[in-house]
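**Q** Fold the stuff below for me.
(one chain, ligands or ions: 1)
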Amino acid sequence: MSNHGFATRAIHAGQAPDPSTGAIMTPIYQTSTYVQTSPGEFIQNYDYSRSANPTRTALEANIASLEGGKHGIAFASGVASLAACIHLLKTGDHVLLCDDVYGGTFRMFNNVFNQLGIEFSRVDMTNLDATRAAMTNKTKLVWLETPTNPTLKVIDIAAVAQIAHDGGALCVADNTFASPYLQNPLALGADIVSHSCTKYLGGHSDLVGGILVVKNRELADRLYYVQNAVGAVPAPMDCFLLLRSTKTLHVRMDRHCSNAETIADWLTQRSEIDRVIYPGLESHPQHNIAAKQMRGFGGMITMTLKGGLPASRKFLESLKIFSLAESLGGVESLVEHPAIMTHASVDADKRAALGIDDGLVRLSCGIEDGSDLIADLEQALDAAAKA
Ligand code: P1T
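**A** Numbers count the residues shown, from 1 in each chain. Model prediction:
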């Protein structure tokens with residue numbers, strides 16, 4: 001499959017008609033255990049569904065192929081897949097984290113793994129000199145998101161992976177915002193790619209999941225060990241739903257990108273808005289890096305409304321097609337307020353330093369008609385201006 005195009009791999013990789021019935025869709029193997037012919041003699045490599053399940057195996061192979069990796073290791077959520085990476089570490093190890101990350105990722109380091117003696121520090125990874133200077137002799141993981149959540153900074157994956165390797169650390173890239181259709185961090189030197197499958201991979205806001213993809217067999221074995229030993233595995237039904245979803249990833253992403261590009265351009269003309277952040281705009285500080293490492297600029301837009309909380313609150317309450325909700329990457333458009341919602345667990349001073357203020361609003365542009373989305377934004381901006 002590896003020599004086929006993205007769309008062909010999205011539809012076929014990891015899947016073959018079911019050998020017992022010919023069913024074209026991989027069945028939901030809703031089973032916890034598997035009969036053995038003699039103690040330790042398995043019929044097909046399966047003994048217990050925490051360790052492995054055929055629906056999950058198909059999903060892991062499918063997404064591994066889309067990322068240009070060899071091994072997929074699936075989890076029950078995006079944060080469970082991130083936690084599995086940290087289980088590779090031991091007390092006293094240090095993680096270098098990019099300064100702008102999903103609030104739950106920050107919370108996991110700050111409130112959970114910090115208590116166990118895993119140290120971390122944050123740095124603006126768009127500044128490569130600062131990133132190099134922030135490495136310590138204890139740094140074992142260099143952790144980036146790109147584009148970042150929610151301020152959409154674009155980090156040069158190849159350059160940061162090189163800095164990690166020069167310091168003897170692994171580079172983990174959270175590719176959730178781009179999806180494998182737009183960006184493949186393994187090809188740029190990252191060692192582990194992580195996804196919240198809840199977002200673009202799932203695409204329909206109907207499941208929670210996560211996955212790691214790697215090229216290296218030894219690293220994969222360590223992560224499979226954590227997957228089984230810690231046990232945050234996805235259910236067969238969710239693996240099935242994800243397999244159905246990845247078949248249309250390329251089609252959905254094209255529409256997410258084209259809607260977001262049109263909307264971002266339109267927003268830049270509006271006087272109610274201070275700043276529009278979209279990697280596809282030439283005004284984006286890392287637009288050239290985005291153009292170099294991404295095949296499209298994604299479906300996420302972040303903007304700052306003039307008028308602070310009263311204006312952003314009125315805007316969010318007035319939208320009719322964009323739904324006010326956490327999450328992103330579904331076919332339906334979503335909007336949220338990072339300071340109150342997804343990034344509430346980030347300390348106020350850190351939020352302020354990143355510009356996550358009360359006027360900041362994040363849009364996940366869905367795949368509806370772009371003209372309807374713009375009309376919705378227009379009426380909500382008009383309402384906010386009167387607030
Ligand atoms: O929600 P979960 O599937 O556990 O994924 C966590 C996660 C990991 N990485 C990134 C970049 C994310 O954005 C997320 C989850 N983010 C949201 C729920 C959100 O609205 O930003």
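**Q** what's the neighbour count on the residue of the chain found nearest the ligand?
**A** Of all residues in the chain, residue 78 sits closest to the ligand, at 2.3 Å by C-beta to the nearest ligand atom. Every residue, glycine included, has its C-beta placed from N, CA and C. Neighbour count for residue 78, taken as other C-beta atoms under 10 Å: 24.
**Q** Surely it and residue 202 touch.
**A** No - applying C-beta atoms under 8 Å as the test, residue 78 and residue 202 come out as separate, 10.3 Å apart.
**Q** any shared contact partners between the two?
**A** Counting by C-beta atoms under 8 Å, 6 or more residues apart in numbering, the shared contacts of residue 78 and residue 202 are residue 209.
**Q** Enumerate every residue touching the residue of the chain closest to the ligand.
**A** 102, 104, 176, 194-199, 208-210.
**Q** Where do the strands of the chain begin and end?
**A** 36-38, 41-42, 71-75, 94-98, 119-123, 139-145, 170-174, 192-196, 210-214, 273-277, 300-305, 323-324, 334-336, 360-364 (DSSP state E).
**Q** nearest to residue 349, of these?
**A** strand 119-123 (12.2 Å; C-beta to C-beta).
**Q** re the thing from before, near the ligand, from the contacts of residue 78?
**A** 102, 104, 176, 196, 198, 208, 210 (C-beta under 6 Å from any ligand atom).
**Q** Can you lay out those residues as TSV showing pLDDT?
**A** Formatted as TSV, those follow (pLDDT from 0 to 100):
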residue	pLDDT
102	95
104	95
176	98
196	98
198	98
208	98
210	98
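**Q** in the lowest-mean-pLDDT helix or strand in the chain, what counts as buried?
**A** Sorting the helices and strands of the chain by mean pLDDT, DSSP states H and E puts helix 348-354 at the bottom, at a mean of 90. For helix 348-354, burial by neighbour count (16 or more other C-beta atoms under 10 Å) applies to 351, 354.
**Q** quick one: is that helix near the ligand?
**A** No - judged by C-beta under 6 Å from any ligand atom, helix 348-354 makes no contact with the ligand; its nearest approach is 14.0 Å.
**Q** got the contact list for that helix?
**A** 99-100, 106, 122, 151, 338-339, 343, 357.
**Q** ok, so of those residues, who is nearest residue 139?
**A** Among the contacts of helix 348-354, and counting by C-beta to C-beta, the member closest to residue 139 is residue 122, at 12.6 Å.
**Q** isn't that closest one right up against residue 98?
**A** Yes - Residue 122 is within contact range of residue 98, at 7.0 Å (criterion: C-beta under 8 Å).
**Q** which one of these two has more residues nearby?
**A** Per other C-beta under 10 Å, whichever of residue 122 and residue 98 has more neighbours is residue 98, with 23 against 20.
**Q** pretty sure that one is touching residue 141, no?
**A** No - the pair residue 98 / residue 141 is not scored as a contact, 11.7 Å apart, by C-beta under 8 Å.
**Q** what about residue 325, neighbour count?
**A** Residue 325: 14 neighbours (other C-beta under 10 Å).
**Q** do the same with residue 259
**A** Neighbour tally, residue 259, other C-beta under 10 Å: 23.
**Q** Identify the residues contacting it.
**A** 299, 365-368, 370, 373.
**Q** related to what we said a few turns ago, can you list the strands of the chain in a markdown table and add distance to residue 84?
**A** Formatted as a markdown table, the strands of the chain follow (distance: least, C-beta to C-beta, whole Å):
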| stretch | distance to residue 84 |
| --- | --- |
| strand 36-38 | 28 |
| strand 41-42 | 24 |
| strand 71-75 | 6 |
| strand 94-98 | 14 |
| strand 119-123 | 16 |
| strand 139-145 | 12 |
| strand 170-174 | 10 |
| strand 192-196 | 9 |
| strand 210-214 | 6 |
| strand 273-277 | 31 |
| strand 300-305 | 25 |
| strand 323-324 | 31 |
| strand 334-336 | 26 |
| strand 360-364 | 26 |
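**Q** Of those, which is nearest residue 129?
**A** strand 119-123 (10.2 Å).
**Q** tell me the mean pLDDT over that closest one?
**A** Summarised as a single mean, pLDDT over strand 119-123 is 97.
**Q** Please apply the same query to stretch 274-293.
**A** pLDDT averaged over stretch 274-293 gives 98.
**Q** Any buried residues in it, and which?
**A** 276-281, 284, 286-287, 289-290, 293.
**Q** Pipe those into TSV and attach distance to residue 381 per row.
**A** Formatted as TSV, those follow (distance: C-beta to C-beta, whole Å):
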residue	distance to residue 381
276	12
277	17
278	16
279	22
280	21
281	18
284	21
286	27
287	24
289	30
290	26
293	32
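**Q** Could you tell me how far the closest residue in space to residue 241 that isn't next to it in sequence is located from residue 79?
**A** Closest residue to residue 241 apart from its sequence neighbours, by C-beta to C-beta, 6 or more residues apart in numbering: residue 207 at 5.1 Å. For residue 207, the distance to residue 79 (C-beta to C-beta, to the nearest Å) stands at 14 Å.
**Q** same question, residue 136
**A** With C-beta to C-beta as the criterion, residue 136 and residue 79 are 25 Å apart.
**Q** who's more crowded, the two?
**A** The neighbour comparison of residue 136 against residue 79 (other C-beta under 10 Å) goes to residue 79, with 21 against 14.
**Q** which one is the more buried one nearest to, not counting chain neighbours?
**A** That would be residue 104: by C-beta to C-beta, 6+ apart, it lies 5.3 Å from residue 79.
**Q** these two touch, right, the one you found and residue 344?
**A** No - look at residue 104 against residue 344 with C-beta under 8 Å: they stay out of range, at 10.2 Å.
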